[in-house]
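1. Next come a sequence and a model predicted from it.
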Amino acid sequence: MHDIGRSQTQLVSHGYVGAQILEKEGVDGIVVEIVRRHVGAGISAEEANVLGFPSGDYIPRTLEQKIVCFADKLLDGDRARPFEEEVKRFVKKGHDVHRLRKLKEDVDTAVGQDAESLVLSKR
């Protein structure tokens, strides 16, 4: 469900577009915020402004938001992607690698183990 916005766009805006779809359908706000905040390792208010998004912060804050965001980074279609491969993609695209590593650290701490191995073992 986190990628429902891809039904309307393949752009980075699919997160907030998906959130709008779910809001219109009356989906619980907790789920809406997970969808809104899952893109990249989160999008700051400043980055959102540059991208032309509605004003606001799109960085995952709750554990649920962080888990979905992190797990999404480890999947490429039907293929599992190692975390360090995603780090290289972030570097190549000029994205905030520190934010990505912090996301992994937060999830690792919350689940009490290496989240990458946990996500990839479920595939």
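-> Noted; the coordinates are in hand.

2. Report pLDDT for the residue positioned nearest the centre of the chain.
-> For the chain, residue 38 is the residue whose C-alpha lies nearest the centre (Cα atoms, centre = their mean; 2.4 Å). Residue 38 is assigned a pLDDT of 97 by the prediction.

3. So it is in contact with residue 67, correct?
-> No: here residue 38 does not reach residue 67: they are 9.7 Å apart, not a contact under Cβ atoms under 8 Å. For the C-beta atoms, the positions are set from N, CA and C on the backbone; glycine is no exception.

4. show me the contacts for residue 2.
-> Counting by Cβ atoms under 8 Å, 6 or more residues apart in numbering, residue 2 makes contact with 18, 34-35, 38, 68, 72.

5. Number of residues surrounding the closest residue to residue 95 other than its chain neighbours?
-> Using Cβ to Cβ, 6 or more residues apart in numbering and skipping residues adjacent in sequence, the residue nearest residue 95 is residue 40, 5.9 Å away. The tally of other residues near residue 40 (other Cβ atoms under 10 Å) stands at 23.

6. who's residue 40 bridged to?
-> Applying DSSP bridges to residue 40 gives these bridge partners: residue 42.

7. Test my guess that it contacts residue 97.
-> No: using Cβ under 8 Å, residue 40 makes no contact with residue 97, being 10.7 Å away.

8. Outside of the longest helix seen in the chain itself, list whatever touches it.
-> In terms of residue count, the longest helix belonging to the chain (DSSP state H) is helix 97-111. For helix 97-111, the surrounding residues in contact (Cβ under 8 Å, 6+ apart) are 40-42, 59-60, 63, 66-67, 69-70, 73, 83, 86-87, 90-91, 114-116, 118.
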